[in-house]
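**Q** What follows is a protein structure lacking sequence information:
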């Protein structure tokens, strides 16, 4: 049995968009299978999984920090996450902070954490964090500024690009059938930023720099398939000039 | 000039085949049907094909495109798919070797997601080949031509999908098979076990329902302005009106 | 030659051919000194030595003259809490002999570990020095905020 995490955890689409990692890798990185049972007719579960419910903080599921947060036996208090129907905050959006010491300031969304309804706004809502404090070595540590996550439900508001002020908004359909965010104050469309499709590997799909092992788009999209009345094996044998006319003897399937 | 509608590069090196027609086919009689001419690199490399390019040794990160998708593989001819399979196989062996060595040396294996990209591509390729074969068999024989199977009940009374296997002799003559594969027969112990199992499953289900119900009350208490439609979508089994009637709803204060 | 399902072979039936083999083999570093034409592999459990010979000849164009295999038992350990025994998976190893005169040396795929470590230590030392200088400069201004410096 392939142990699928989909039954235990849901990683939002936008939280993993930037990392550009295959789904399978994320699953593999998160899996905490202690041991698996051998195959056989049995009632026991097929695997002993150390953690089924994960704690999602600011660290992404494929990082060491996440692994550390979710070590076997590590306890986290229960988190209540407000259900949100359509995710509406994307990387690159301009938002206004509604709480904290940066209240009223506007900034750009740096990253999205859908599992907690969080966004991290660049340079705003920062906290000083001490790094490397070591009393034994008599080192006081260094302070760095770290952005803290903000709830999308009541701690940030989207900014209307027409007048650069925070506004409530709604998802509506245009006449062409596209789903867009519409500012309720001015009725203007708030466009989804271009940086949505940006990943760690490329800014946009058209500017992707091909690596040495990549197949170029023209080779990949070239059509070489010709429909033939034969199976894959027959076709390959035909091409290699392998003749086979022996018929398989009778066998029984059960 | 850049190609305007260039899509993202696809792992793995398929472009090496652009000079496909000039390849000489070797006829191979023995068991493994592969093609020497498809080797992606200098044939003198031999065992060094188990290792990555020298430029990538000790690198922190090795970037590459995404895996092959089914719709892209469906465009390719059978021989192209056959070649691509061996390229992916070699790439996987290379990655496994590099990963093993990195683990041995207690070093970071750069970009481990490459293994998943290759595995995904291989899965998709196999699925496309099976699709084609299924189409042929269904047209010619009316059957899928795949390994048959059926739903069966095992000796513990649990249902599972039994994959049939091919035998030289019929079932009534095959004593070893009959000994090995025992299906469900009436047994009072198994019946008793099944009753308990069903009870347990039912209890699990009920507990989950209670858990969800209480969680919804918790959500209602914490987020009074919550989007009710979203809540209903996420917890379709919970009766929200009933949750609001619960004494846990509303918090520890006297209503005005 | 595959871990997938395959038709059974009887006398007179067509030659069994594998078109999409899914076996894996990985080259591993020898743990002991051994002849220069001996190569160690770990491979799929289902592979036989004939499979390996075919695999290396057809796919990698390497001609082994002799192959030995062994299955190393996975380590057993007792679960610290529950007390039951957990066993790691078994591994199949293959020792492939190349023809006389051919030499294979396992390459060093992390050539500049030491340089990287040195560089890291150097930068660490530098940043420490800079920080100490900063502290030294601000020794007299105890209660001043951090930005009030030069």
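**A** Sure thing, it's come through. Keep in mind that this is a model prediction, so the values were computed, not measured.
**Q** Out of the helices and strands in chain C, which is least certain?
**A** strand C:85-87 (a mean of 85; mean pLDDT, DSSP states H and E).
**Q** Report the strands that pair with it, each with its relative direction.
**A** strand C:76-78 (antiparallel) (DSSP bridges).
**Q** re the thing from before, contacts for the least confident helix or strand of chain C, please.
**A** Here strand C:85-87 makes contact (CB atoms under 8 Å, 6 or more residues apart in numbering or on different chains) with A:34, A:35, C:74, C:75, C:76, C:77, C:78, C:79. Placement of C-beta: from N, CA and C, glycine included.
**Q** Could you check the longest helix along chain C against chain B for contacts?
**A** Counting by DSSP state H, the longest helix found in chain C is helix C:113-137. Yes: using CB under 8 Å from any CB of the partner chain, we find that helix C:113-137 touches chain B at C:113, C:116.
**Q** Residue 28: how many residues sit nearby?
**A** Chain wasn't specified; assuming chain A. 16 (other CB atoms under 10 Å in any protein chain shown).
**Q** try again with chain C
**A** Residue C:28 has 21 neighbouring residues, counting by other CB under 10 Å.
**Q** And it, how close does it get to residue C:39?
**A** Going from residue C:28 to residue C:39 by CB to CB, to the nearest Å gives 9 Å.
**Q** do the same with residue A:165
**A** 69 Å.
**Q** which one of those two has more residues nearby?
**A** Between residue A:165 and residue C:39, counted using other CB under 10 Å, residue C:39 has the larger neighbour count: 24 against 13.
**Q** thought the more buried one was touching residue C:103?
**A** No: shown here, residue C:39 and residue C:103 do not form a contact pair, counting by CB atoms under 8 Å, at 10.4 Å.
**Q** Is it possible to get a markdown table of the contacts of strand C:85-87 that adds pLDDT and neighbour count?
**A** Converted to a markdown table, the contacts of strand C:85-87 look like this (pLDDT from 0 to 100; neighbours: other CB atoms under 10 Å in any protein chain shown):
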| residue | pLDDT | neighbour count |
| --- | --- | --- |
| A:34 | 82 | 12 |
| A:35 | 80 | 15 |
| C:74 | 91 | 12 |
| C:75 | 91 | 9 |
| C:76 | 91 | 9 |
| C:77 | 89 | 10 |
| C:78 | 91 | 10 |
| C:79 | 83 | 12 |
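**Q** from the residues you listed, which is closest to residue B:138?
**A** residue A:35 (41.6 Å; CB to CB).
**Q** what's the closest non-adjacent residue to the closest one?
**A** Leaving aside its chain neighbours, residue A:35 sits nearest to residue C:86 (4.9 Å; criterion: CB to CB, 6 or more residues apart in numbering or on different chains).
**Q** what's the answer for residue B:171, then?
**A** residue A:254 (4.7 Å).
**Q** One more: residue A:47?
**A** residue A:36 (4.4 Å).
**Q** Equivalent analysis for residue C:89, please.
**A** Among residues not flanking residue C:89 along the chain, residue C:74 sits closest, at 5.0 Å (CB to CB, 6+ apart).
**Q** Where does the one you found fall, secondary structure wise?
**A** Assigned by DSSP states H and E, residue C:74 belongs to no helix or strand.
**Q** That one against residue C:91, yeah?
**A** Yes: taking contacts as CB under 8 Å, residue C:74 lies within contact range of residue C:91: 7.1 Å.
**Q** wait, doesn't residue B:240 sit right on residue B:228?
**A** Yes: using CB under 8 Å, residue B:240 is in contact with residue B:228, at 6.9 Å.
**Q** Between the two, tell me which one has more neighbours.
**A** residue B:240 (16 against 12).
**Q** For the more buried one, give its distance to chain C.
**A** 41 Å (CB to the nearest CB, to the nearest Å).
**Q** which stretches of chain A aren't confidently modelled?
**A** In the predicted model, chain A carries pLDDT under 70 at residues A:1-9.
**Q** Get me the contact residues on it for chain C.
**A** Contacts of chain A with chain C, taken as CB under 8 Å from any CB, map to A:34-35, A:142-143, A:232-233, A:236-237, A:242, A:244, A:246-249, A:251.
**Q** ok so, going back, what's near enough to touch the residue nearest to residue C:89?
**A** Residue C:74 touches C:87, C:88, C:89, C:90, C:91, counting by CB under 8 Å, 6+ apart.
**Q** mind listing the strands for the stretch 51-200 of chain B?
**A** B:149-153, B:159-163, B:166-167 (DSSP state E, counting those that start in this stretch).
**Q** Tell me which strands the last one pairs with, and in which orientation.
**A** In its sheet, strand B:166-167 lies beside strand A:252-253 (antiparallel), with partners assigned from DSSP bridges.
**Q** Residues contacting the strand it pairs with, please?
**A** Contacts for strand A:252-253 (CB under 8 Å, 6+ apart): B:148, B:164, B:165, B:166, B:167, B:168, B:169, B:170, B:171.
**Q** same for the longest strand seen in chain A, what does it pack against?
**A** Looking across chain A with DSSP state E, the single longest strand is strand A:106-113. If you count contacts as 3 or more CB pairs under 8 Å, 6 or more residues apart in numbering or on different chains; DSSP states H and E, strand A:106-113 packs onto helix A:13-17, strand A:94-97, strand A:118-121.
**Q** What helices and strands are in contact with the longest one?
**A** Under the contact criterion of 3+ CB pairs under 8 Å, 6+ apart, helix A:13-17 touches strand A:106-113.
**Q** now the residue in the stretch 51-200 of chain A that chain C sits nearest to, which residues is it bridged with?
**A** Using CB to the nearest CB, the closest approach of the stretch 51-200 of chain A to chain C is made by residue A:142 at 6.7 Å. Beta-bridge partners for residue A:142, by DSSP bridges, are residue A:131.
**Q** How about the one 5 residues further on?
**A** According to DSSP bridges, residue A:126 are recorded as the beta-bridge partners of residue A:147.
**Q** can you confirm residue A:60 is in a strand?
**A** No: going by DSSP: H, G, I helix; E, B strand; the rest coil, the assignment for residue A:60 is coil, not a strand.
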